[in-house]
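>>> Got a sequence here, can you build the structure:
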Amino acid sequence: MFSADSWTGRVRSLLAHIWEGTQGDSEPPAHERWLEVNECKYLFGSHQKWTRRDTRDFAKAAWNYLGYT
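This next block holds a predicted model:
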């Protein structure tokens, strides 16, 4: 994702990764779950204000706002 030739390519790849990585509403097995940057808590779960769906909605809105096809 970070090796794309431009910032546009990097952002596009990251949004696609976020979209694909948050499909479904159930949590994946522990070894596949995303962690906060400090690696102390899972990024998604009942302890957070946001959901996987919120994240997908954000990625889709950003994708559309940037005019990607």
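
>>> drop to CA atoms for contacts and neighbour counts, all remaining ones
Fine.

>>> now the residue minimising distance to the centre of the chain, nearest residue through space, not along the chain?
Taking CA atoms, centre = their mean, the centroid of the chain lies closest to residue 18, which sits 2.5 Å from it. Take residue 18 and drop its neighbours on the chain: the residue closest to it by CA to CA, 6 or more residues apart in numbering is residue 59, 6.7 Å away.

>>> wait, the residue nearest to the centre of the chain sits on residue 57?
No - between residue 18 and residue 57 there is no contact under CA atoms under 8 Å: 10.3 Å.

>>> that older thread, my read is the residue nearest to residue 18 is in a strand, agree?
No - counting by DSSP: H, G, I helix; E, B strand; the rest coil, residue 59 is not part of a strand but helix.

>>> Tell me how far it lies from residue 19.
According to CA to CA, to the nearest Å, residue 59 stands 6 Å off from residue 19.

>>> Equivalent analysis for residue 1, please.
The value you get for residue 1 to residue 19, if CA to CA is used, is 13 Å.

>>> Neighbour count for those two, which is higher?
Shown here are residue 1 and residue 19; by other CA atoms under 10 Å, residue 19 has more neighbours (19 against 13).

>>> Just give me how far the helix or strand of the chain with the lowest mean pLDDT sits from the chain centre.
The weakest-scoring helix or strand in the chain, judged by mean pLDDT, DSSP states H and E, is helix 7-21 (a mean of 93). Relative to its chain's centre, helix 7-21 lies at 8 Å (CA atoms, centre = their mean, to the nearest Å).

>>> Can you get me a residue count around the spatially closest residue to residue 36 that is not a sequence neighbour?
Spatial nearest neighbour of residue 36, excluding adjacent residues (CA to CA, 6+ apart): residue 43 at 5.1 Å. Residue 43: 16 surrounding residues under other CA under 10 Å.

>>> what's residue 43 in contact with, if anything?
Applying CA atoms under 8 Å, 6 or more residues apart in numbering to residue 43 gives the contacts 33-36.

>>> ok, back up a step: separation between the residue nearest to residue 18 and residue 6?
Counting by CA to CA, the gap from residue 59 to residue 6 is 19 Å.
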